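A.B. asks: model this:
(chains A and B)
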There are 2 protein chains.
Amino acid sequence: MQFSLPLTMLIVFGSAKVISDLLERVGLPGIAGEILAGILIGPSVMNWVAPNETIRALSDLGVLFLLFSIGLDVQLADLLRVGLLSTLVATLGEAVPFLAGWGILLAWGGTAHAALFLGAALVATSVGISASVLKRWDLLRHPASQIILAAAVIDDVLGLIVLAVVSSVARGRFNLAEIVVTAGLATTFVVVTAIWGTRVVSRLFPHFHSRIRADEAQFQVAMVLLFSLAVLAFYAGVAAIVGAFLAGLALADSADSRVRNLTRGVTELLVPFFLAGIGLNFDVGIFRSRSTVLMALVILLAAIATKVIGCGLATLSVGWQTSLRVGLGMIPRGEVAMVAAQLGLSMLMLSAAVYSVIVFVVVASALLTPPLLKVAFGRAVHQAP
Amino acid sequence: MQFSLPLTMLIVFGSAKVISDLLERVGLPGIAGEILAGILIGPSVMNWVAPNETIRALSDLGVLFLLFSIGLDVQLADLLRVGLLSTLVATLGEAVPFLAGWGILLAWGGTAHAALFLGAALVATSVGISASVLKRWDLLRHPASQIILAAAVIDDVLGLIVLAVVSSVARGRFNLAEIVVTAGLATTFVVVTAIWGTRVVSRLFPHFHSRIRADEAQFQVAMVLLFSLAVLAFYAGVAAIVGAFLAGLALADSADSRVRNLTRGVTELLVPFFLAGIGLNFDVGIFRSRSTVLMALVILLAAIATKVIGCGLATLSVGWQTSLRVGLGMIPRGEVAMVAAQLGLSMLMLSAAVYSVIVFVVVASALLTPPLLKVAFGRAVHQAP
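C.D. replies: Numbers count the residues shown, from 1 in each chain, chains lettered A, B, ... in the order given. You can find the predicted model right below:
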């Protein structure tokens, strides 16, 4: 037993819950408090905890289980009903931010390649924050929530394609066949798993777990499905959390309340590590240069406005309220933005300043989403039990 | 999301559960299968997974939650009733293995210092394996189980003192005052937390969680108590898992079934990492030299026989059956043995061969304990639901 583990657990979990509670008391969403806790205990402020392999693993597991548990709570039919609309949301919600990011950096005097990378960094929504908010406020049955979840999955596939295109253009060897294969593989994985997953699991799941001679056999089989689809998702090129979500979705009809309760234990323990883990990345260094601060604020505003406009336009047909909720739910950026930023930095096509601006946008967009969603969902939040 | 995490999860969790199930089918205990899975997937056989920071963290968390959940299932009064007996079990169960380890290495031609370190490595029981077995077979209410748990806590304090004495003797500067302070601090922590913990928690716990504006507030407060006592235990010089056990014990009366269910989710996910993690340390290199194999077998036999004899003698008054169960339950060695071995190696007082023999004894004693306990508990195992 290493010294650092219980202390790390205490600091991250404890501070996340304390600050979450303080924010709830003044009417602000607790989830923002957990991200804020990460900023406060992280290297930029108190420096009690630095991002390390353990926290990253707990954070990755946390968001994996979060998306799994949300899949368990959602009906495939509800997602399919909003499938076309969500495809439009994902498409416009990627096109508008890409163009904005690209345009802003060009206008700022950045290189054409840097502009491509900034555009790519702004496209992909990281659904973890919104999913966390919607689940905690028991809003998953709202139409806007279902559009957000379906769009986030499609968004991930599109984001992968954009990143593949941008990095191959930047490398100067654009290979259409390769991109088509990448896109085809990712799309096939998502469609096949989503459509047939539930049916296959409904048939096989009872046979499997009834043959295992162990307590909690059903939970064990569910875990193996979760990790398997996360691995397959990775090989198909999409995020592991998309695989976790599809695993939850496939089990939504078959899993009993015991599986949900045990999963809840894991999410309760680990989701604070995901939320605080975002805050840990915050780098106060960005505030050293006035021009970087200005760029950060402009790009943050653009990141928010373009998702609201892009996703909002796509959903105007279902009413401005749902449209606004969807737009705000798609704001958070996450891993894909970081990957694009790191790729650009390692290819020497992004400056360190633009890299830290992207990190800032990831943290700030995550921090702003819960309060914005709270306003947008208004009274619906208070109707939750 | 890193590539390696879902795949690591799948390999460790999946192989642990599959091999556990296979062993159960032929009448062997599944827990041994999970340790075996670690050996098979580890560097010595398939080399799919190597011990790394992530697996260590999940394993440490797993055993922390295991001991916490066992504390939740145990009544303090039951442990206090066997307090004196357990002190005798721990004392004789440390003295006999120490003398045996020391004598064997001297007889083998080892140095006096090496003999002290081997003795120290053999003293401390690692209660995780036995606790896991007793919990899975629902044997925690048996008198033998309560003696094992109480003795394991005392054993940890004694093991700490033995290690402190041995390393200060080896360094050539034996400081009695320092040892007394170490022993006093550890004993005070354990006694105070065990005796007053339950009372304090029973009074404060309801006030605390009822004031928190969050779902699962009770679980969150329980987690903070768990991590706090694990940290305090570390500062007091005892193992973090002793703190976790005391946290569970303190909450045993106050925590509702929801806390138990959520904790169960975490243990179901993470205990396989603790069990397989033991197997991962197995090093096939030990079999390269015939004399090392012989030494490993002699010391393994001594490690088993001395705990059975030492703990057995201490409990003869309660009947040979309980006495045998207690002796076998105290067999597994773990972290303290590894710490002693690493310390001896780093002080250049243990050879690499003796070091790898100690690692072998840790893995082999863990692997043999579940089947031995199954035989010793006999029909009681099958009476469990």
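A.B. asks: quick one: average pLDDT of stretch A:182-191?
C.D. replies: If you average the pLDDT over stretch A:182-191, you get 94.
A.B. asks: and that stretch, how far from the chain's centre?
C.D. replies: Taking the mean of its C-alpha atoms, stretch A:182-191 sits 19 Å from the chain's own mean (C-alpha atoms, centre = their mean, to the nearest Å).
A.B. asks: Mind listing what's buried along it?
C.D. replies: Buried residues in stretch A:182-191, counted by 16 or more other C-beta atoms under 10 Å in any protein chain shown: A:182-183, A:185-187, A:189-190. Using the backbone N, CA and C atoms, a C-beta is placed for each residue, glycine as well.
A.B. asks: Stretch A:189-200 now?
C.D. replies: Quick answer for stretch A:189-200 (16+ other C-beta under 10 Å): A:189-190, A:193-194, A:197-198.
A.B. asks: okay if I get the residues you listed as JSON lines plus distance to B:Ala340 and secondary structure?
C.D. replies: Listed next are those as JSON lines, based on distance: C-beta to C-beta, whole Å; DSSP: H, G, I helix; E, B strand; the rest coil:
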{"residue": "A:Phe189", "distance to B:Ala340": "50", "secondary structure": "helix"}
{"residue": "A:Val190", "distance to B:Ala340": "52", "secondary structure": "helix"}
{"residue": "A:Thr193", "distance to B:Ala340": "50", "secondary structure": "helix"}
{"residue": "A:Ala194", "distance to B:Ala340": "53", "secondary structure": "helix"}
{"residue": "A:Gly197", "distance to B:Ala340": "50", "secondary structure": "helix"}
{"residue": "A:Thr198", "distance to B:Ala340": "53", "secondary structure": "helix"}
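A.B. asks: Touching, A:Thr87 and A:Val153? I think so.
C.D. replies: No - when contacts are counted by C-beta atoms under 8 Å, A:Thr87 is not listed as touching A:Val153 (10.1 Å).
A.B. asks: re the thing from before, out of the buried residues of stretch A:182-191, list just those in helices.
C.D. replies: Using DSSP state H, A:182-183, A:185-187, A:189-190 are the members of the buried residues of stretch A:182-191 that sit in helices.
A.B. asks: Just want to know which of A:Thr87 and A:Val153 has more residues nearby.
C.D. replies: Taking other C-beta atoms under 10 Å in any protein chain shown, A:Thr87 and A:Val153 do not tie; A:Val153 has more neighbours (23 against 16).
A.B. asks: Wait, that one touches A:Val242, no?
C.D. replies: Yes - using C-beta under 8 Å, A:Val153 is in contact with A:Val242, at 5.6 Å.
A.B. asks: Tell me how many other residues crowd A:Ser289.
C.D. replies: 13.
A.B. asks: Distance of it relative to chain B?
C.D. replies: According to C-beta to the nearest C-beta, to the nearest Å, A:Ser289 and chain B sit 31 Å apart.
A.B. asks: residues contacting that residue?
C.D. replies: Taking C-beta atoms under 8 Å, 6 or more residues apart in numbering or on different chains as the criterion, A:Ser289 is in contact with A:Ala353.
A.B. asks: Next, give phi and psi for it.
C.D. replies: Phi and psi for A:Ser289, reported as degrees, to the nearest 10, are phi -110, psi 130.
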